[in-house]
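In: Quick check, what structure comes out for this input:
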Amino acid sequence: MRYRRQETFRYILPNPRFIPYRLIWEDKELHDGEAQLLNISAHGLKMRCDYLFPLSEGLKVQVKLDLVPLIQPLDLTGHVRHRGQMGSLYDYGIRLESDSDETQQLVTMIKAYARENQ
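Out: Predicted structure coming up:
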């Protein structure tokens, strides 16, 4: 599965952070855990973890982003668009499903995080 996320605004975290995630399939929780957030944009993110996700069209990935203490955390849902492997770890490209308000909040959070971590 080859997928290139073509976005002009993508922030690569200099020090990847751990974020909680939850896998949902047909309204049932399959797995929850933590993953390293590697990069993020307004419409997607890349994360790394040691759990092998089942690739299915109906699989949803819920993540909680709490990058900046003064900004309310965001709970976002997305779908796996890409999977890669590095040793015993797996990289996942997640395409986020967000409305315009959530997208704007996410961009604000990313910009604030980038300013704090220069």
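In: Mind listing what's buried along stretch 54-66?
Out: Neighbour counts over stretch 54-66 (16 or more other CB atoms under 10 Å) mark 60-61, 63, 65 as buried. Backbone N, C-alpha and C define where each C-beta goes, glycine included.
In: next one: that stretch to chain centre, how far?
Out: How far stretch 54-66 lies from its chain's middle: 9 Å, per CA atoms, centre = their mean, to the nearest Å.
In: and the end-to-end length of that stretch?
Out: By CA to CA, to the nearest Å, the extent of stretch 54-66 from end to end equals 26 Å.
In: related to what we said a few turns ago, what about the buried residues of stretch 54-66, which are in helices?
Out: Residues of the buried residues of stretch 54-66 located in helices (DSSP state H): none.
In: Show the contacting residues for the residue nearest the centre of the chain.
Out: Nearest to the geometric centre of the chain sits Leu45, at 3.9 Å (CA atoms, centre = their mean). If you count contacts by CB atoms under 8 Å, 6 or more residues apart in numbering, Leu45 has them with 37-39, 63, 78, 93-94, 96.
In: ranking the residues you listed by neighbours, who comes first?
Out: If you count neighbours using other CB atoms under 10 Å, the busiest of the contacts of Leu45 is Ile94, which has 25 neighbours.
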